[in-house]
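Q: Mind folding the following:
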Amino acid sequence: MRSKKPENKRPVPPEINDSMLTRESWKIFQVISEFVEGYERLVHISPSVSIYGSARVKPDHPYYKLATEIGKLLSNNGYSIVTGGGGGIMQAGNYGAYQGNSFSIGLNIVLPGEEVANEYQDISLRFRHFFTRKIMFVKYASAYVVLPGGFGTLDELSEILSLVQTKKTRKIPIVIVNRAFWEPLIEWFKSTLVKEKMIDPEDMDLFTFAENPQEVLDAIDKFYKDAENDLMVY
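A: Predicted coordinates for the structure are as follows:
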């Protein structure tokens, strides 16, 4: 005798009322407005470099000074500087750009208890949604420069590596600053991700290291010079 098949009681979808639809619809318009404002105000900043790093670094920290010098050197060499607009390394990057000849841009996020945007911004945008802000970081970036930081910095680094790896965005220079800080993570990439075939060995070539502002600039310039030479071959 065949056993009786147990009843599969599926959950019943909740009823959706007009007030719920209205609230969600307005969120869609919020997102659209953030995209529109971002595109309109940033379309003229190219070439630009997105700089990432910890918001917890104080102005007397060596990382703050390093980020300031990187921002200034890149700005004086024609690159607009884009940061998250907050304190720490973000402020340092904007401050350096502010001393240079190119635009200093802050993509600020609205968060509970978040400090006000730093004062060194020629263009300042405020976002409610992380994902729209993330797209603005990538949309016009000619390079990524990643200084020491925490979860937010790791998030941005992982995102750009993933986007370039999957060819969802064009390949751009990804420059990781301060090898000693990042070495344990990079070794884990090699010993675990590559070994377990979670990434390909050539994915380790998606980024390069730099220790000082000149090396950052040289890495970016070399990338585009090599790209031009490759085009000339064809």
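
Q: Every contact and neighbour count from this point should use C-alpha atoms.
A: Fine.

Q: tally of neighbours for Asn223?
A: Small correction: residue 223 is Phe, not Asn. 15 (other C-alpha atoms under 10 Å).

Q: ditto for the one 4 residues further on
A: For Ala227, the number of neighbouring residues by other C-alpha under 10 Å comes to 11.

Q: Packing partners of the helix or strand where it lies?
A: Secondary structure from DSSP states H and E places Ala227 in helix 213-233. Using 3 or more C-alpha pairs under 8 Å, 6 or more residues apart in numbering; DSSP states H and E, the elements in contact with helix 213-233 are helix 62-76, strand 174-177, strand 208-210.

Q: would CSV of these with mean neighbour count be doable?
A: Shown next, in CSV, are the helices and strands packed on helix 213-233 (neighbours: other C-alpha atoms under 10 Å):
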stretch, mean neighbour count
helix 62-76, 23
strand 174-177, 24
strand 208-210, 17
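
Q: Now render these as TSV, adding distance to Arg126 and mean pLDDT.
A: Putting those into TSV (distance: least, C-alpha to C-alpha, whole Å; pLDDT from 0 to 100) gives the following:
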stretch	distance to Arg126	mean pLDDT
helix 62-76	21	98
strand 174-177	25	98
strand 208-210	31	98
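
Q: how about Ile81, secondary structure?
A: What DSSP: H, G, I helix; E, B strand; the rest coil gives for Ile81 is strand.

Q: For this protein, which residues score under the pLDDT cut-off?
A: Residues of the chain meeting the criterion pLDDT under 70: 1-7, 18, 20, 113-115, 229-234.

Q: Just want the most central residue of it.
A: Glu156 (4.2 Å; C-alpha atoms, centre = their mean).

Q: Contacts for the host helix or strand of that residue, please.
A: When elements are assigned from DSSP H and E, Glu156 belongs to helix 151-165. Defining contact as C-alpha atoms under 8 Å, 6 or more residues apart in numbering, one finds that helix 151-165 is touched by Tyr52, Gly53, Ser54, Lys134, Val138, Val146, Thr169, Arg170, Lys171, Ile172, Asp203, Leu206.

Q: what sits against the fourth one?
A: Contacts were defined as C-alpha under 8 Å, 6+ apart; by that measure Lys134 touches Glu156.

Q: residues in contact with the residue nearest to Leu42 when sequence neighbours are not counted?
A: The shortest distance from Leu42 to any residue other than its chain neighbours is 7.5 Å, reached at Tyr140 (C-alpha to C-alpha, 6 or more residues apart in numbering). With contacts taken as C-alpha under 8 Å, 6+ apart, Tyr140 has the following neighbours: Leu42, Val43, Ile45, Ser46, Pro47, Ser48.

Q: Nothing else from me, thank you.
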